[in-house]
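Participant: Sequence first, predicted model second:
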Amino acid sequence: MLGFVATKMPDRPNDPLAKSQQASSQDGGGARLDRRERFEALYRNHYGAIWAYSRRRVGNAADADDITAQSWLIVWRRLDDIPVGAELPWCYGVARRCLANHRRSSKRSLRLAHAVGTERVVDAVVASSDPRSERLRAALELLNEHDQEILRLASWERLAHRDIAVVLDTTTANVAVRLNRAKGRLKKVLQGFDDAGHSSDTTPMTSPKGLQ
């Protein structure tokens, strides 16, 4: 299993609904109350998970705060679209898209292999002296961004296949195939390492067509 990332969650920011009150002021009083109660329950139960998801994938807590705030505003606006029983993975999907927008706006590479370099300060694997953890981290960096993300969703967020499917907007069957192939590619990279955990190949691996 990939090393779980240790993150320190900040205090929760002020109510994100403050930015949306004017937009929703025309709703009926009872309906608005029901929506707010549902949102507050989601926010209370899943804020930490969404912030941690963002923090593991960006270089600093301020960026994670911004991505998390944007994510919750979208959750509020699209509250009626959230499937019952899959609330958290649906919110992960929102955060994933906000993260992609953040990277584009800041002109960062879309390749997670590059982004991993900034994650080392918060990655518990780096703090470990176990050479197996170092080899695993280094091998993960050599995979393409799609393989890295699906492996992280399974390991860091500990999601089931059906929940990963919600995050990635695909089918459970496709997740099973993609995850199995990503594990296979990770295993192949690990096998190419020498005992010190080095690989002569530093080029991220690409996915076959249909796995993007």
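Facilitator: Nice, I can see it.
Participant: Please parse the protein into its domains.
Facilitator: Annotated domains of the chain cover 29-108, 129-212 [automatic domain parsing].
Participant: In terms of mean pLDDT, which of those domains ranks lowest?
Facilitator: Ranked by mean pLDDT, these bottom out at domain 129-212, with a mean of 79.
Participant: Can you lay out the domains of the chain as JSON lines showing mean neighbour count?
Facilitator: The C-beta positions use only the backbone N, C-alpha and C, and glycine is treated the same way. Below are these laid out as JSON lines (neighbours: other CB atoms under 10 Å):
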{"stretch": "domain 29-108", "mean neighbour count": "17"}
{"stretch": "domain 129-212", "mean neighbour count": "16"}
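Participant: hey, where'd the helices end up in the chain?
Facilitator: 29-55, 61-77, 87-105, 112-119, 124-127, 131-141, 145-155, 161-168, 172-191 (DSSP state H).
Participant: List of residues touching the third one?
Facilitator: Here helix 87-105 makes contact (CB atoms under 8 Å, 6 or more residues apart in numbering) with 42, 45-46, 49-50, 53-54, 57-58, 63, 66-68, 70-71, 74-75, 78, 82-83, 108-110, 115, 149, 153, 157, 159, 163-169.
Participant: Next, the angle helix 61-77 makes with that helix.
Facilitator: Helix 87-105 runs at 130 degrees relative to helix 61-77, counting by axes from the mean of the first three to the mean of the last three CA atoms, to 10 degrees.
Participant: ok, the nearest residue to R38 once chain neighbours are set aside - contacts?
Facilitator: Closest residue to R38 apart from its sequence neighbours, by CB to CB, 6 or more residues apart in numbering: L79 at 6.3 Å. Residues near L79 by CB under 8 Å, 6+ apart: R35, R38, F39.
Participant: got it, and N174?
Facilitator: Going by CB under 8 Å, 6+ apart, N174 touches A165.
Participant: dump the residue contacts of T172.
Facilitator: With contact taken as CB under 8 Å, 6+ apart, T172 is in contact with H161, R162, A165.
Participant: Closest one to L186 out of those residues, please.
Facilitator: Nearest to L186 among the contacts of T172 is H161, at 17.2 Å by CB to CB.
Participant: State the distance from that closest one to K183.
Facilitator: Look at H161 and K183: by CB to CB, to the nearest Å, they are 13 Å apart.
Participant: swap in A139?
Facilitator: As for A139, its distance to K183 is 11 Å (criterion: CB to CB).
Participant: One more: I82?
Facilitator: For I82 relative to K183 (CB to CB), the value is 30 Å.
Participant: Likewise for N101?
Facilitator: 29 Å.
Participant: Over to Q148?
Facilitator: Applying CB to CB to Q148 and K183 gives a distance of 12 Å.
Participant: And N144, by the same measure?
Facilitator: 14 Å.
Participant: go on, R77?
Facilitator: From R77 to K183 the distance is 36 Å (CB to CB).
Participant: can you check D147 too?
Facilitator: As judged by CB to CB, D147 and K183 stand 9 Å apart.
Participant: Equivalent analysis for I74, please.
Facilitator: 31 Å.
Participant: Same question for V58.
Facilitator: The gap separating V58 from K183 is 25 Å, by CB to CB.
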